[in-house]
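Asker: Provide a 3D model corresponding to the input given below.
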Amino acid sequence: MTSPFPTPKSGILDITPYVGGKASLDGQDKVVKLSSNETPLGSSPKAKEAFGTLSEKLHLYPDGGSQELIHTIAKIHDLPADRLICGNGSDEILSLIANAYCGPGDEVLYSEHGFLVYELSALANGATPVKAPEKNLTTDVDALLASVTEKTKILFLANPNNPTGTYISADEVRRLHAGLRSDILLVLDAAYAEYVTKSDYEAGVALVAETENVIMTRTFSKIYGLSALRIGWAYGSEAVIDVLHRIRGPFNVNAAAQVAGVAAVRDQDFVKEAVAHNEKWIPILTQSLRGMGLKIPDSVGNFIMMDFGDTGKSASDADAYLASKGYILRSIASYGLPTCLRMSVGTDEDNRAVIDHLREFLES
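Answerer: The predicted model follows:
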């Protein structure tokens, strides 16, 4: 029987729309947003200056292939430009991958507390999302491999993972890849790679260079501080990148994003400053909050996850208390972690304030 109204593809109505971190609080004019893993250092002054040059060119289309941005990324990271693609944030690239490589009857695999966009991308294309259990809030390679079936088409791996902040070593990533069929696309989502200083970590560049079924995605939204402009990029095999170029929008990265992105990626001194700030505060936040009885996984990103499960207090009450003081953290119940909050590393002043307010809350 014909439907009396237009109906979407199978899976779309099963999607719960993604909701980002709060940015405002009712009744409060001054708030500190620590809910979206944004850098507290803002953007590179060089990127801001480049952004301002576009005011007289708003009537012109951007470069459809983002060629200057691609070649600048290629030079900074010593990568072949013909194996790169830019997108409207790495979210767009993740969605393009799902659009290109999965459909009804297929399965998309990811870790239990992986980024919510993986599930959304699978459902939007009629595929079945499959979660593999984690071990100690960390990706479990054996559990992922045990979850692979003949229907698996894509495996998304957030490394480091959001919202837990944990990671697996380069050797473990290679072990994961070695256990996959050659027709399964392994997607290494390395949005927080620039923050990781561990010697056993790799973003995925070497593995992509050696294989045909691995692609690494990156973003300008985190350490580069260009979240508002939505810039992402990916490095993959020539065949995979060719497919993604065929289905992306013809002008998917706007001109302002391109010029600011070029300036930002060239300003590696700014990146080093952001890494140093993060390296200073992650251990301070972790040790301070653990001292209050909160469980804090070791994080290598620009955020920490705090678990209130053993404190006799709830995450939702902690969230409300901090909000009453003007501080917005992120509830991550939608990730299957109802007793937890996630906090972005903020400025020196804001980090100290959150520590003090949480101590007040837990002692009240």
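
Asker: Only C-alpha atoms from now on, for both contacts and neighbour counts.
Answerer: OK.

Asker: which SS state does P283 fall under?
Answerer: helix (DSSP: H, G, I helix; E, B strand; the rest coil).

Asker: from what I can see V148 touches L109, true?
Answerer: Yes: the criterion here is Cα atoms under 8 Å, and V148 meets it with L109 at 7.5 Å.

Asker: Tell me which of the two has more neighbours.
Answerer: Counted by other Cα atoms under 10 Å, V148 and L109 do not tie: L109 has more neighbours, with 27 against 21.

Asker: That one contacts I154, correct?
Answerer: Yes: using Cα under 8 Å, L109 is in contact with I154, at 6.2 Å.

Asker: what's in contact with stretch 160-170?
Answerer: Residues outside stretch 160-170 that contact it (Cα atoms under 8 Å, 6 or more residues apart in numbering) are 113-115, 137-139, 159, 190-193, 200-202, 204, 297-301, 303-305, 332, 335, 342.

Asker: Filter those down to just the buried residues.
Answerer: 113-115, 137-139, 159, 190-193, 201-202, 204, 297-301, 303-305, 332, 335, 342 (16 or more other Cα atoms under 10 Å).

Asker: What's the separation between I355 and S44?
Answerer: According to Cα to Cα, to the nearest Å, I355 stands 28 Å off from S44.

Asker: before we move on, what about T217?
Answerer: Applying Cα to Cα to T217 and S44 gives a distance of 22 Å.

Asker: Same check on S221?
Answerer: Separation of S221 from S44 (Cα to Cα) stands at 12 Å.

Asker: now swap in A203 and tell me
Answerer: With distances taken as Cα to Cα, A203 is found 23 Å from S44.

Asker: what does the helix or strand that contains V117 rub up against?
Answerer: Assessed by DSSP states H and E, V117 sits inside helix 116-124. Helix 116-124 is contacted from outside by 9-12, 14-18, 91, 94-95, 98-99, 102-103, 107-108, 110, 128-129, 156, 335, using Cα under 8 Å, 6+ apart.

Asker: Assess the claim that R230 and G89 are in contact.
Answerer: Yes: at 4.3 Å, R230 and G89 qualify as touching, with contact defined as Cα under 8 Å.

Asker: so what sits against both of these two?
Answerer: Common neighbours of R230 and G89, using Cα under 8 Å, 6+ apart, are F220, S221.

Asker: These two: which is more packed in?
Answerer: G89 (23 against 20).

Asker: doesn't G232 make contact with the more buried one?
Answerer: Yes: the pair G89 / G232 is scored as a contact, 4.0 Å apart, by Cα under 8 Å.

Asker: Are there residues contacting both of these two? Which ones?
Answerer: T219, F220, S221.

Asker: If we only consider these, which is nearest to E238?
Answerer: Lowest distance from E238 to the shared contacts of G89 and G232 (Cα to Cα) belongs to T219, with 20.1 Å.

Asker: T39 versus that closest one, what's the distance?
Answerer: Separation of T219 from T39 (Cα to Cα) stands at 13 Å.

Asker: higher neighbour count, the two?
Answerer: Between T219 and T39, counted using other Cα under 10 Å, T219 has the larger neighbour count: 27 against 24.

Asker: Wait, that one touches N88, no?
Answerer: No: using Cα under 8 Å, T219 is not in contact with N88, being 9.6 Å away.

Asker: shared neighbours, those two?
Answerer: Common neighbours of T219 and N88, counting by Cα under 8 Å, 6+ apart, are I231, G232.
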